[in-house]
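> Sequence and computational prediction follow.
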Amino acid sequence: MKHFVLPLLLSVATPLAAQKTSSTDVKMDFLHLPTLPMTGVDQVGIEVYTGDLPFNRDTLRHYLGNMDVLKSGGERLSKIKFEALTETDIVGGTGDITIRMALGKPFEGNKELLDAACMIAKDGCKQYYYKVDYRLPAVVQAVKGGEVLDTWELDPAMQLQFGNEQVETQSRTAEGSTTTIRVVSFNSQEALDKAYGLQGGYWLARKAALVQLGRMIESVYPRLFFLKDELKFDLTYGKGDAADYSETEQASVQAANALMTGDYKALAGPIATWEKWLERTDASDKKAAVNANVAEGLHENMAIACAFAGDYAKAHSNLDQSLKFAQQGMVNVNKVDRLKAFHGFIDDLEKGRASNGSANTASLVEAPDIKKLLGRRKFNEDIDFLIAQDKYAEFSGSMTSTSEQNAGEATLESALGAMLAGGGGSYESRVNNGMLVLNAFFDKDLNGQPLPESICGMSGLTTLNARNMGLTGVPACIGQLTGLDKLYLDGNAITELPESLGQLTDLTLLDISDNQLTSLPEGIYQLKNLKKLTVSGNQLGPEVMSKLAERLPDCKIK
């Protein structure tokens, strides 16, 4: 679990005498509550649906010293820091809460040929191996009493090695079991390629399944168990000659005391003070009493205080405002990333209080080491959790009802799978059920370029996903895609959008977050069928946000 350390860097005085900020330090003991209801849970069941992957119990027991894949060296040396309400058993199959993971179809991407000196040193001796960009989609569900409590996806991307590695196998004997370790190495590229052609697909799929098993386990801990932590915050107050900032300093001290003592009701006073001061914001004037620098810090104060006070919507709103200011001018990328991560903290805080706010946490016990239980090297007879069935489509389909993902989101991975299976090819040939997914593995040439105009001729397109591609612009011909229902352009470097977006009258979802936009074209305000618009992470002023809310009253805007 990460500490949410959100320091506000002191601004440097400029020739224009811009107002500065200072801060009050907060260090508080905090108990992270699990986001799923854990009262009465003594057994956690595990089910992993492997589909057609060559992965079974024997694979887990014998293949590649699985603990090395599931756990890092640091994890092996440290104790589990999470805690549980009661002693919790891990079982295969159904438990009081059951964690079910379904693995999808694997995709091999680019592979890089590398070499290293032989393990047994000889002059000129080299061993050759591949580093492979690999994707294995996985969806996880938490189920209690037949009800799906939560569904989430794991990161499908990973980089795997084939060759130049140790393989550990075990065999059963009359006296117990024996362990054998051998080195898999190749002294030429020809030998490597031959082995890769024969066994590479199996080896990588097995290793990828182990990686996702480890990721699944990591993802369930904050959902199932408690974590004692120390949180650190810096609460901002103004400093300079433009105003008497003593009231803001006093508010930060009061809020710090409320947080450190757990008296969250006492945050109401500081919140009221900061709201009053934020009414004086003048982001265009560096010498204003509440300039952009001061406003950024006060909005962050509000996000922290409102989160602990239980006003989660206001916490998110103020965090977005702080992010807006943080992404202007000289951007501190690490700070922006920490602020973005705080959205997740707010969500988990809300879910944890709703699920376990009344739980008796006076006598917590150590949570089970699930990685050790599922991945131990000796034969594992008592936890039978691997099931050779394909449940990926079923679990993915439930994403729409159990999370905030939109209806088309769950099928993006399948569209990407069709593209990868086809080895790239033309954009037209990669359309799957009206969906085109651009991908950094196969479309590297688009980085630093605008969206290709050739896509505009694909009249049957209903979903276009161009996330995190490094795109710098969108062509005016985008308006030709009049059947487009969902458009994902987030995570790029787009500075301007064309007016022709207003021609996409069927559009219900538009994600343009995390770009470099300072304004929006008038056409966007004409999209009356739009149901969800995500614009956070740009440099749009409050007047743009107000106009969006006024002109698109039926659209959820974030």
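Received the coordinates, thanks. Note that the coordinates shown come from a computational prediction; the quantities given were computed from them, not determined experimentally.

> What part of this structure, helix or strand, is modelled with the least confidence?
One helix or strand of the chain scores below all others by mean pLDDT, DSSP states H and E: helix 399-402, with a mean of 45.

> Give me the neighbour count for Ser358.
Look at Ser358: counted by other Cβ atoms under 10 Å, it has 7 neighbours. Every C-beta, even on glycine, is put in place using the N, C-alpha and C of the backbone.

> Same check on Met302?
For Met302, the count of nearby residues is 26 (other Cβ under 10 Å).

> Equivalent analysis for Lys232, please.
Neighbour number of Lys232 under other Cβ under 10 Å is 14.

> next one: Lys287
Lys287 has 14 nearby residues by other Cβ under 10 Å.

> For it, which three-state class applies?
For Lys287, the assignment made with DSSP: H, G, I helix; E, B strand; the rest coil gives coil.

> how close does it sit to Glu249?
In this view, Lys287 and Glu249 are 20 Å apart by Cβ to Cβ, to the nearest Å.

> repeat for Ala205
As defined by Cβ to Cβ, Ala205 lies at a distance of 59 Å from Glu249.

> now do Ser546
31 Å.

> Show me where the stretch 1-150 of the chain has its helices.
Applying DSSP state H, counting those that start in this stretch to the stretch 1-150 of the chain gives helices spanning 57-62, 66-70, 73-77.

> Just give the closest residue to the residue nearest to the spatial centre of the chain, not the sequence neighbours.
By Cα atoms, centre = their mean, the chain has its centre lying nearest to Asp155, at 7.7 Å. Take Asp155 and drop its neighbours on the chain: the residue closest to it by Cβ to Cβ, 6 or more residues apart in numbering is Arg215, 6.8 Å away.

> wait, Ala205 sits on Phe55?
Yes. Using Cβ atoms under 8 Å, Ala205 makes contact with Phe55 at a distance of 6.8 Å.

> How about Arg280: what's its closest non-neighbour residue?
In space, and not counting its chain neighbours, Arg280 is closest to Val290: 4.4 Å by Cβ to Cβ, 6+ apart.

> how about the one you found, what does it touch?
Val290 makes contacts with Gln19, Gly238, Trp277, Leu278, Arg280, Thr281, Asp282, Leu298, as judged by Cβ atoms under 8 Å, 6 or more residues apart in numbering.

> can you rerun that using 7 Å?
Trp277, Leu278, Arg280, Thr281, Asp282 (Cβ atoms under 7 Å, 6 or more residues apart in numbering).

> Tell me the confidence at it?
Residue-level confidence at Val290 comes out at 92, pLDDT.

> Could you check how far it is from Thr21?
Distance from Val290 to Thr21, by Cβ to Cβ: 11 Å.

> so where's the stretch 401-550 of the chain shaky on pLDDT?
Low-confidence segments of the stretch 401-550 of the chain (pLDDT under 70): 401-427, 429-430, 432-433, 440-442, 444.

> Tell me where it has helices.
Assigned by DSSP H, counting those that start in this stretch, the helices in the stretch 401-550 of the chain fall at 412-421, 542-551.

> Distance from the chain centre to whatever helix or strand Ile304 lives in, please.
Following DSSP states H and E, one finds Ile304 within helix 292-309. Relative to its chain's centre, helix 292-309 lies at 23 Å (Cα atoms, centre = their mean, to the nearest Å).

> how far is the next helix or strand along the chain from it from where the chain is centred?
Going down the chain from helix 292-309, the next helix or strand is helix 312-326, by DSSP H and E. Here helix 312-326 is found 19 Å from its chain centre; the criterion is Cα atoms, centre = their mean.
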